[in-house]
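K.L.:
Kindly generate the corresponding structure for this input.
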Amino acid sequence: MSFTSQMIFNITIIFITVTLIIGVILGGIALFRIAGALKLRNRMLQQATRPYLICQRNRQQLLIKNLGPVPVTIDEIESDFDLSSLNQQVIYANQSFYYNLTKPDKLAISVRYHDEIHDYQADFNL
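P.N.:
Numbering: from 1, shown residues only. Next comes the predicted model:
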């Protein structure tokens, strides 16, 4: 093999090696970006489909409502008012419960609830 052929062969090998290294680096960067995009999509999907349980006071009524698109199960509800009948109760999307209040005092409610994936806790001072 002549010197010129050997030089062309070496340059070709270096070019192929550099191309492979750049390809592996760009492939790795693309995989990390895809993983980041999937994590963001999962967080957004979780927030869009998570249950939002609210408690509101309307004059002499207490409203407990699930504003989320998925049903929730109330694990435990603690308050000055007797709401023990709601323990282990399933509240479907946009379903509401009303309770008449006899005392105009302040009311503190703590609710632990879950959907099929996560557990949540909410505290309300009404």
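K.L.:
ok, now how distant is residue 90 from residue 71?
P.N.:
Using C-beta to C-beta, to the nearest Å, residue 90 is found at 5 Å from residue 71. C-beta coordinates here come from the backbone N, C-alpha and C atoms, glycine included.
K.L.:
Ok, residue 29 next?
P.N.:
Counting by C-beta to C-beta, the gap from residue 29 to residue 71 is 41 Å.
K.L.:
Between residue 90 and residue 71, which is the more surrounded one?
P.N.:
Comparing residue 90 with residue 71 by neighbour count (other C-beta atoms under 10 Å), the higher total belongs to residue 71, at 14 against 11.
K.L.:
That one - nearest residue in space that isn't next to it in sequence?
P.N.:
Among residues not flanking residue 71 along the chain, residue 92 sits closest, at 4.6 Å (C-beta to C-beta, 6 or more residues apart in numbering).
K.L.:
burial count for that neighbour?
P.N.:
Per other C-beta under 10 Å, the neighbour tally for residue 92 reads 12.
K.L.:
Check which helix or strand the residue lying closest to residue 51 once chain neighbours are set aside maps to.
P.N.:
Distances taken as C-beta to C-beta, 6+ apart place residue 68 nearest to residue 51, at 3.4 Å, with adjacent residues excluded. Assigned by DSSP states H and E, residue 68 falls within no helix or strand.
K.L.:
who are the neighbours in contact with the nearest residue to residue 119 once chain neighbours are set aside?
P.N.:
Nearest non-adjacent residue to residue 119, counting by C-beta to C-beta, 6+ apart: residue 112, 7.0 Å away. Neighbour list for residue 112: 74, 75, 76, 77, 119, 120, 121 [criterion: C-beta atoms under 8 Å, 6 or more residues apart in numbering].
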